[in-house]
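Participant: Quick one: sequence and predicted model below, then my questions.
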Amino acid sequence: MHDGDKHAETSEAAGQALTPYDPERFERDREEVEGGFWRKVQRVASHVPFVEDAIAAYYCARDRATPIQVKAVIMGALAYFVIPLDVIPDFLTGLGFTDDATVFYIAYQTISKHVTGEHREKARQALSKLRG
């Protein structure tokens, strides 16, 4: 077994341990993210400390090499970030993104080993363009 094969096997096993895959929920989350992620990022880029990690996770979820269970976790967390109905409304200064950050942080800790240097670089470039 090559190291690459071992990594793929480990990643797949880790992805399966993350969450049971629900294709319908994944599709709903994916549609929410695809429909509103970049608009939300543009609005909050200077206020949300985890925005670069969120963009890197977004690129990870769009990567064909990422296991489907990992994609499901990412899309669920990003959908929560994008959907305007929150436990704590985003417009509350100082508190608004607390619930988003908590959900994202937990999800990101679960999937972070799947976020590659390439995903992070794409995130830095995208954020740089947004901030102009």
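Facilitator: Thanks, I have the structure now.

Participant: Could you identify the helix or strand that succeeds the longest helix seen in the chain?
Facilitator: For the chain, the helix that runs over the most residues, judged by DSSP state H, is helix 23-44. Counting by DSSP states H and E, the next helix or strand C-terminal to helix 23-44 is helix 51-62.

Participant: Which other helices and strands does that following helix contact?
Facilitator: Judged by 3 or more CB pairs under 8 Å, 6 or more residues apart in numbering; DSSP states H and E, helix 51-62 is in contact with helix 23-44, helix 68-82, helix 98-111, helix 117-131. Glycine gets a C-beta too; all of them are placed from N, C-alpha and C.

Participant: Mind putting these into a markdown table with mean neighbour count and distance to Ala56?
Facilitator: Shown next, in a markdown table, are these (neighbours: other CB atoms under 10 Å; distance: least, CB to CB, whole Å):
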| stretch | mean neighbour count | distance to Ala56 |
| --- | --- | --- |
| helix 23-44 | 15 | 12 |
| helix 68-82 | 24 | 10 |
| helix 98-111 | 17 | 9 |
| helix 117-131 | 14 | 4 |
